[in-house]
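Participant: requesting a structural model of the entry that follows:
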Amino acid sequence: MARGPKKHLKRLNAPKHWMLSKMDGIWAPRPSQGPHKLRESLPLIVMLRNRLKYALTGKETNMICMNKHVLVDGKVRTDANFPAGFMDVIEIPKSGDQF
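Facilitator: Next up, the predicted model:
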């Protein structure tokens, strides 16, 4: 008898293109509601921690986002679970990188 939207996502149910390992824990970061669908997006936490290696832990990734160092399509995003889509530009001005 669930009430409201689902707030959790298990690692095995996460989309395969996120390339999360099975043995790193039970839970995966669930993208918050935004401009892209769950299956067609990648949360910023997965992008910064697993793909770009800017952080080692989720806490570090959260600190990077909360210090307003991440821009998605030119707007500051403080939500680490923000869904980044296919043609979105992720910018980190402090290091001068754009992806």
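
Participant: what are the ranges of the strands in the protein?
Facilitator: Here the chain has its strands, by DSSP state E, at 42-43, 71-72, 75-76, 83-84, 90-92, 97-98.

Participant: contact partners of the last one?
Facilitator: By C-beta atoms under 8 Å, 6 or more residues apart in numbering, the surrounding residues in contact with strand 97-98 are 89-92. The C-beta positions use only the backbone N, C-alpha and C, and glycine is treated the same way.

Participant: ditto for the longest one
Facilitator: By C-beta under 8 Å, 6+ apart, the surrounding residues in contact with strand 90-92 are 44, 47, 54, 69-72, 74, 84, 97-99.

Participant: for ChimeraX, what selects the buried ones among the residues you listed?
Facilitator: Restricted to buried positions by 16 or more other C-beta atoms under 10 Å, the ChimeraX selection for these reads:
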select :44,47,54,69,70,72,84
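
Participant: hmm, which two among the contacts of strand 90-92 are most spread apart?
Facilitator: When the contacts of strand 90-92 are compared pair by pair using C-beta to C-beta, the two farthest from each other are 54 and 74, 19.1 Å apart.

Participant: can you list contacts of the lengthiest helix in the chain?
Facilitator: Taking DSSP state H as the criterion, the chain has its longest helix at helix 58-66. Contacts of helix 58-66 with the rest of the structure, by C-beta under 8 Å, 6+ apart, involve 29, 44-45, 48-49, 54-55, 70, 77-80.

Participant: what's the neighbour count on residue 76?
Facilitator: 13 (other C-beta atoms under 10 Å).

Participant: if I look at it, how far off is residue 49?
Facilitator: 19 Å (C-beta to C-beta, to the nearest Å).

Participant: if we can go back for a sec, most surrounded residue in the contacts of strand 97-98?
Facilitator: Ranking the contacts of strand 97-98 using other C-beta under 10 Å puts residue 90 first, with 20 neighbours.

Participant: look at residue 2 and report its pLDDT.
Facilitator: Per-residue confidence for residue 2 comes out at a pLDDT of 78.
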